[in-house]
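Visitor: sequence below, structure please.
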Amino acid sequence: MPKIEGKIKKNNSLQDILFIGGIILLSTVLVVALYPGRLEAGLVDESFFITTIMTIPVIAGIYFIVISFRRKLNIESVDIRESLKKKMTLAFVFIAVLSAMPIVIVSSSYFSKNLASMYSNTTMMALDEAVGLSGEMYEKIAYDIKNEMSSLRTLFHKGTLGYKGKAIDDLIRAGEQRGSKFVVYQSQNDTFTIKENHLSTLPINTQKLIKFYINTDVNDIRIDHLSIDGYDFFSGVFYYHGGLFIICKPIPFKLKSADLLFRNARSDYMEIKRQKDYFESAASSFLMFLSIVIIVIAYLLSLYMSQNITHPLHELSLAAKDIAMGNTKISLKKKSDDEIGVLIDSFNIMARQLEENQKFIYQRQRLQAWNEMARKLVHEIKNPLTPIRLAAERMRKLVIEGNPSKDSVVLSGTETIITEVNSLLRLVSNFNDFARLPEKKAELSDLSLLLKESISLFQVYDGIKFEIKTADNLPLVFVDRSLMRQVFNNIITNSIHAMNEKGNITIKLFTESSGLFVVLSIKDDGPGIKEELVDKIFDPGFTLKKNGTGLGLAIVEKIILEHNGRIYCNSKEGEGAEFIIKLPVSEEVINGKDTYS
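Guide: Take a look at the predicted model:
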């Protein structure tokens, strides 16, 4: 066994070395073949290269997790259904991982490449140019207003154009024809009056406009981009001889809309560009999440599929355990005609043949046992008949002869006859116990309690010391409690007599590693049994005692066999004797449905 384990470890190490070597070789190929020359040439995308390199340790980690789990299953798994189901699930998950990782790598690379193309400098330059063009249009409107006001003020200075009376009225009308709003705020008759044209296309609140400029420093010609009551326009103003001259020009709706559109687009683009890294990481996270979803779906599907495959195997395993526990009257229902169906058919045939062979063997063994018992019973009966006959003949002869000592001879003779008859009665009684045991009335029982009850009966032997070792969480067993006490009492009594009522008896109670049997070991430190006689101690009529009937251990074996158990004896002369009893754990206990009161 150690050689096999060593070979397995050697193969596992070789497998790991080959995998690590393959990973190193793959990394070398990627670095040498793809980077940096091909990256610089644009033949390979940088994000694809980086993602691939980063994926290699992930694959290595997944490999060692799966392989370690699988090796652990091979070592520790007991339940065939659970072991096979886990292996199939791991296989499905591993396949899903291998198929999902290339998708993640390629998709991540494709997304990164397209995302990078979206954030090009050309797009940003185009947006900046568009915003600049709309800004130039604004500047042109402001420049036209400034030129117009500069020309107007020059004409006032030269006297070419008057700045009061009818000249102002003509100026206001001229502005209306050009689509400009002309406002004059000047003193007249010691009061300030407002003259303006009223254009429906320029709904400007004149009072607010004048108030704004009165409260604003105006040293020279001033140009402003104003918004009053939600209406945007350009306005130019200058003072001349105490009067306030204002020209307003509207901002075209298309220009305003285009400028707003270009500025918002550039702002949005800059914001998105600032979040480029976030989008890339979010895309990678989404792809990884998608891979996890694929793996989870693969896991759930594998559970469902493996359940369908392993369920009949589990039933087959349970049926095999039933046969191992002595229940050969079992038949499985075939649900398909595939390989598992053929296996179930073969199992049913095997179970029927095993039951027939068991019956045949049991009948032969039973016949042989009764023949042997009859032979030994006849032998045991013949032995006391000889002294009975001799005693009777002697008494008859002395009575016929009238011998004076006949009375004493009769008394001694009848005593001999009574002793031998009692021996015959005891032999017949033991044979009757062997031939007709009480009907078994099995119930869920705790063997440790039954054992303690039996041991308490032997506390009267001062020279006997008991050492009891009971495992924790012992499962319950289906036994007839009175018959099981008889088993314990017979074995312990034999041990005490073998040690001449002085010695140690060690009792161990534990569960077999398979979990199917509870094991009881009763060992004494008496003289032991010769090796050639160990196989005969359960034979009816075989005994090592002078006055024994040879039926005690035969009765014990019969009780254990009727409980579908096994009993063995290990002994060497001078080293004591050990009796080992195995009793099957009930199916209810195995399935977790045991109760005990």
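Visitor: give me the next element, helix or strand, following the helix or strand harbouring residue 209.
Guide: Assignment of secondary structure by DSSP states H and E places residue 209 within helix 206-214. Toward the C-terminal end, the helix or strand that comes next after helix 206-214 (DSSP H and E) is strand 222-228.
Visitor: what comes up buried for that next one?
Guide: Of the residues in strand 222-228, those with enough neighbours to count as buried (16 or more other Cβ atoms under 10 Å) are 222-224, 228. C-beta: built from backbone N, CA, C; applies to glycine.
Visitor: min pLDDT across those, which one?
Guide: Lowest model confidence among the buried residues of strand 222-228 falls on residue 228, which carries 89.
Visitor: contacting residues around that one?
Guide: When contacts are counted by Cβ atoms under 8 Å, 6 or more residues apart in numbering, residue 228 touches 204-205, 208-209, 212.
Visitor: about what we covered before: report the angle between the helix holding residue 209 and strand 222-228.
Guide: 140 degrees (axes from the mean of the first three to the mean of the last three Cα atoms, to 10 degrees).
Visitor: helix 206-214 packs against which elements?
Guide: Packed against helix 206-214, as judged by 3 or more Cβ pairs under 8 Å, 6 or more residues apart in numbering; DSSP states H and E, are the following elements: strand 181-188, strand 191-196, strand 222-228, strand 243-250.
Visitor: JSON lines please, covering the ones you listed and showing distance to residue 315.
Guide: Below are the helices and strands packed on helix 206-214 laid out as JSON lines (distance: least, Cβ to Cβ, whole Å):
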{"stretch": "strand 181-188", "distance to residue 315": "97"}
{"stretch": "strand 191-196", "distance to residue 315": "102"}
{"stretch": "strand 222-228", "distance to residue 315": "85"}
{"stretch": "strand 243-250", "distance to residue 315": "90"}
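Visitor: and those strands: which comes nearest residue 477?
Guide: Closest to residue 477 of these, according to Cβ to Cβ: strand 222-228, at 96.1 Å.
Visitor: strand partners of the helix or strand following the closest one, parallel vs antiparallel please.
Guide: Under the assignment DSSP H and E, the closest C-terminal helix or strand after strand 222-228 is strand 231-240. Using DSSP bridges, the strands paired with strand 231-240 in its sheet are strand 222-228 (antiparallel), strand 243-250 (antiparallel).
Visitor: can you lay out the ones you listed as CSV showing distance to residue 447?
Guide: Supplementary listing: the strands paired with strand 231-240 in CSV, determined by distance: least, Cβ to Cβ, whole Å:
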stretch, distance to residue 447
strand 222-228, 98
strand 243-250, 106
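Visitor: mind checking which of the ones you listed is nearest residue 444?
Guide: Among the strands paired with strand 231-240, the nearest to residue 444 by Cβ to Cβ is strand 222-228 (93.5 Å).
Visitor: how does the chain divide up, domain by domain?
Guide: With domains defined by automatic domain parsing, the chain comprises 2-118+275-318, 139-266, 327-436, 440-590.
Visitor: which of the ones you listed has the lowest mean pLDDT?
Guide: For the domains of the chain, mean pLDDT drops lowest on domain 2-118+275-318, to a mean of 61.
Visitor: if we can go back for a sec, pull out the buried positions in the helix holding residue 209.
Guide: Residues of helix 206-214 classed as buried: 206, 209-210, 212-213 (neighbour count, 16+ other Cβ under 10 Å).
Visitor: so for residue 459, which of the strands paired with strand 231-240 sits nearest?
Guide: Using Cβ to Cβ as the measure, strand 222-228 is the one of the strands paired with strand 231-240 that comes nearest residue 459, at 111.0 Å.
Visitor: how about the closest one as CSV, C-alpha atoms only?
Guide: What follows is strand 222-228, C-alpha atoms only, in CSV (Å, rounded to 0.1, in the frame of the first residue of the first chain):
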residue,chain,number,x,y,z
ARG,A,222,-18.9,98.7,-23.8
ILE,A,223,-20.0,95.5,-25.3
ASP,A,224,-21.9,92.9,-23.2
HIS,A,225,-23.5,89.5,-23.7
LEU,A,226,-26.7,89.8,-21.6
SER,A,227,-29.7,87.7,-20.7
ILE,A,228,-32.8,89.5,-19.4
